[in-house]
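Trainee: My questions concern the predicted model and sequence given below.
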Amino acid sequence: MTVSGSPVAVGVDGSSASLLAVAFAAGEARAFGVPLVLVHAVRPDESAHRGEALLDRATARALAVAPEVEVLRRVSHWAPGPALLEAARTASLLVVGMGGRDDPPEAADDSVALDLVGRARCPVAVVRAPHRRHRSVVVAAVTDPAREAPLLAVAFPLAAGRGVPLVVEVPESGDADADAVAAAALDTALEPWTARFPEVRVESAGVRGPFVEHVLERASGAAALVLGRPDGAGRWDEPARLAVHRGPCPVVVVRTAAAAETADA
């Protein structure tokens, strides 16, 4: 996510999940002073009146959250996935809603949201349900500090825009020497971002044991959880996919350097 003027794009399909996504996206557009683009993929059997009504409702929701944001509307006759992938080409952030919480994640292989997480080049925020607790922090799950600068480039502005601390969670191996090297790498990775966002208080925490489980628990009271994108293998148990499926707050998945190399090879 950047402040370059690239818009925030959000999918609109009339569902409650998409309206939650619109509200989240409007807040991000306001924080970065960029336009908000509402993207609606028209179904073959959908009337023009229904499409306009859905966009009107989404526009009202966005302006209720951020009345100063410029709201643009885009109608596509492509399927939702391709329509949103096209929007992601010029967006700083793509936001999508995702309904349902009880199905196992492997049952969601046809999910548009999970497909976008694996394919979009810009960060993708997946919004599942309203927060039930205070939004106290932004949580970043960093597994490889040397390769995950794009993740920090998203996490710091998210925390700054909300005026909350950033909690950086990193796995620990239990090997003192290896953990010391990893901690030094994290300090190096954080340095340019703490200089750019001095107002963001940063807390780092080493995690031993099941990393994803701990991160999801930590995110239960968070404004957002930020973590790296899957490597393209498509397994349902990849950390990012599990976080999207089970996340207790909006989950922002970022295409990291490692993922980019895999995709571009």
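Mentor: Looks like it came in fine. Numbering: from 1, shown residues only.
Trainee: got a pLDDT number for A265?
Mentor: As predicted, A265 sits at a pLDDT of 36.
Trainee: Could you number the chain from 12 rather than 1 from now on?
Mentor: Yep, numbering from 12; the last one is A276 now.
Trainee: Which secondary structure state does L197 sit in?
Mentor: helix (DSSP: H, G, I helix; E, B strand; the rest coil).
Trainee: pretty sure it contacts V179?
Mentor: Yes: with contact defined as CB atoms under 8 Å, L197 counts as touching V179 (6.9 Å). Where you see a C-beta, it was placed from the backbone N, CA and C, and this is true even at glycine.
Trainee: Tell me which of those two has more neighbours.
Mentor: Using other CB atoms under 10 Å as the criterion, L197 and V179 rank with V179 on top: 23 against 20.
Trainee: Can you name the residues bridging to that one?
Mentor: Beta-bridge pairing of V179 under DSSP bridges involves A151, S215.
Trainee: Please report how far it lies from S27.
Mentor: 32 Å (CB to CB, to the nearest Å).
Trainee: Likewise for L201?
Mentor: On the measure of CB to CB, L201 and S27 end up 37 Å apart.
Trainee: more neighbours, those two?
Mentor: Ranked by neighbour count (other CB under 10 Å), L201 and S27 place L201 first, with 19 against 11.
Trainee: Return the residues in contact with the nearest residue to that one once chain neighbours are set aside.
Mentor: If the residues on either side of it in the chain are set aside, L201 comes closest to V213, at 6.4 Å by CB to CB, 6 or more residues apart in numbering. Residues near V213 by CB atoms under 8 Å, 6 or more residues apart in numbering: P176, L177, V178, V179, L201, T205.
Trainee: And the first one, what's its pLDDT?
Mentor: For P176, the model assigns a pLDDT of 96.
Trainee: One more: the fourth one?
Mentor: On pLDDT, V179 comes in at 96.
Trainee: so who does it touch?
Mentor: Contacts of V179 (CB under 8 Å, 6+ apart): A151, V153, A166, L197, L201, V213, E214, S215, A216.
Trainee: give me that answer again for 7 Å
Mentor: A151, V153, L197, V213, S215 (CB atoms under 7 Å, 6 or more residues apart in numbering).
Trainee: returning to what we had before: overlap in contacts, L197 and V179.
Mentor: Overlap of the contact sets of L197 and V179 (by CB under 7 Å, 6+ apart) consists of V153, S215.
Trainee: Please convert the contacts of V213 to CSV, extending it with distance to A32.
Mentor: Shown next, in CSV, are the contacts of V213 (distance: CB to CB, whole Å):
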residue, distance to A32
P176, 25
L177, 22
V178, 24
V179, 25
L201, 29
T205, 30
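Trainee: if we take those residues, which one ends up nearest to A251?
Mentor: Comparing those against A251 with CB to CB picks out V179 as the nearest, at 16.5 Å.
Trainee: what's the spacing between that closest one and G185?
Mentor: Relative to G185, V179 is positioned 19 Å away (CB to CB).
Trainee: need the strands for the stretch 62-211 of the chain, in chain order.
Mentor: Secondary structure of the stretch 62-211 of the chain (DSSP state E, counting those that start in this stretch): strands at 82-87, 104-108, 135-138, 149-152, 177-182.
Trainee: which other helices and strands contact the third one?
Mentor: Right, the one you point to is strand 135-138. If contacts are counted by 3 or more CB pairs under 7 Å, 6 or more residues apart in numbering; DSSP states H and E, strand 135-138 sits against helix 27-43, strand 104-108, helix 123-130, strand 262-265.
Trainee: would you list these in a markdown table and tack on distance to R146?
Mentor: Output for the helices and strands packed on strand 135-138, formatted as a markdown table (distance: least, CB to CB, whole Å):
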| stretch | distance to R146 |
| --- | --- |
| helix 27-43 | 11 |
| strand 104-108 | 16 |
| helix 123-130 | 21 |
| strand 262-265 | 14 |
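Trainee: May I see the ones you listed arranged in CSV, with mean pLDDT as well?
Mentor: Compiled in CSV, the helices and strands packed on strand 135-138 are given as follows (pLDDT from 0 to 100):
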stretch, mean pLDDT
helix 27-43, 93
strand 104-108, 96
helix 123-130, 86
strand 262-265, 94
